[in-house]
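Asks: pasting the sequence and the predicted coordinates here, then a few questions.
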Amino acid sequence: MTDAVSTATRPGRPAISGVVRRLPEYLMIWVPLLFSAAHLVSFSLWTIWISFTPSTLVPVSGWVGLRNYTAVMASRNWQIAFDNLLLFGSAFVLLSLVTGLVLAILLDQRIRGENVLRSIFLYPLAVSFVVTGTVWSWLLNPGIGIQKLVHDLGWTSFRFDWLVNRDMAIWTIVIAAIWQSSGFAMALFLAGLRSVDADIIKAAQIDGAGPIRIYRRVILPTLWPITITVVVVQLQFAISAFDLVRALTNGGPGIATQLPALVVYDLMFQRGLLGRGAAAAVLMLLILLAVLLPYAAWRYFRRATHA
C-alpha cells in the first residue's frame, strides 16, 4: 500500500522541485516588478486625485472639478510649451531618424574602423542629459562658444547666437537632443540592416539593381518595424524632456523654450500650485498615452497575425 501511494505521488515531484529551484528567479524578477508597478500606479492615481483638488503648497481635500485643467490649458506658459512640444518633437524625431539611418547605412558598408566609429556614435548615449545640456550651453553661448571662436579667428561678422534668440532657441535643444539620441537610432537601424537576408540582396543584384535602388526598394522597406520603434521611443523622450532643457536653456530666453515638463516643475515647486501642477502632469500623461497606446495595440495585433 505504501509503495502504491509513493508511486502515485512520484510524478508530481519533478514539477514541485522545478518550481522550488526557480523560486529565487521568480523572486528576483517579479517582486521588484510588482513593487515598481504598484509604485507607478499608486502615485499616478494620487496625482490624478490631486489634480481635482484646490491643493497649493500641501495636498488638501476638496473638489474643484476641471478648474485646474482649464486654468493650465488657458495659461500662456502651457500654450507656448505645447507649441514648442509640437515643433521640438517633430523636428527632433525626424532629424534623429534620418541621422541615425544615414550613419547606419554608412557603417553597413563594412568600412575600415567601423568598431571605432560605432563606439564614437554611441558614446553620447552614455552621457547624462544634464551634462549634454551644460556642454552645449557652453558651445552655443555667443560670449564663450562657437561664435567667439570664429570671431577670434577673424570672421567678426559671423553670428551664431541662437541660444539668446527667442525665435531660434528651441533649435538649440533640437541640436543637442539629436547629438544625444542619434546613436540609439543608428544602433537599431544597423541591426536591422545586418539582419536582411543576403539572398534577397543577391537576387536584386542579379536583376541589375544598383546600390541605391537596392536600399530603396529592398532593404529600407524591411526596416519599417524598427522605424516605428525608434519614432515611439524618441517621441517618449520628447514629451518627457526636462533635464536637457533645464540645463541648456532653462526654458529661456524668457519662456521661449518652455516644454510641458518645465511647466509642471514651475507650477509645483516654484509657484506652489500643487493642484495645477498635478493637472499639467496628467495632461503630459495623456499626451504620452496617445503615443504609447497605439504602439502597444500595433505590437499586439502584429504579434497576433504572425502567431
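Replies: All right, it came through fine.
Asks: neighbours of Ser90, how many?
Replies: A count of nearby residues for Ser90, using other C-beta atoms under 10 Å, gives 13. For glycine as for every other residue, the C-beta is placed from the backbone atoms N, C-alpha and C.
Asks: er, Trp30 I mean
Replies: Trp30 has 11 neighbours, counted by other C-beta under 10 Å.
Asks: swap in the one 4 residues further on?
Replies: Per other C-beta under 10 Å, the neighbour tally for Leu34 reads 10.
Asks: if I look at it, what pLDDT would I see?
Replies: At Leu34, the model reports a pLDDT of 89.
Asks: need the three-state assignment for it.
Replies: Classification of Leu34 using DSSP: H, G, I helix; E, B strand; the rest coil returns helix.
Asks: that one and Leu27, how far apart?
Replies: Note on Leu34: its distance to Leu27, by C-beta to C-beta, to the nearest Å, is 11 Å.
Asks: what do you get for Ala169?
Replies: 49 Å.
Asks: higher neighbour count, the two?
Replies: Using other C-beta under 10 Å, the more surrounded residue of Ala169 and Leu27 is Ala169, with 22 against 10.
Asks: what about that one, distance to Gly251?
Replies: From Ala169 to Gly251 the distance is 9 Å (C-beta to C-beta).
Asks: give the intersection of the neighbour lists for the two.
Replies: Common neighbours of Ala169 and Gly251, counting by C-beta atoms under 8 Å, 6 or more residues apart in numbering, are Thr257.
Asks: ignoring the adjacent residues along the chain, who's closest to the residue most central in space within the chain?
Replies: Residue closest to the mean C-alpha point of the chain, counted by C-alpha atoms, centre = their mean, is Phe237 at 2.6 Å. Once flanking residues are discounted, Phe237 sits nearest to Ser181: 6.7 Å by C-beta to C-beta, 6 or more residues apart in numbering.
Asks: what's the local residue count around that neighbour?
Replies: Using other C-beta under 10 Å, Ser181 is surrounded by 27 other residues.
Asks: circling back to that earlier point, my read: the residue nearest to the centre of the chain touches Ala185, true?
Replies: No - between Phe237 and Ala185 there is no contact, the gap being 11.4 Å when judged by C-beta atoms under 8 Å.
Asks: all set now, cheers.
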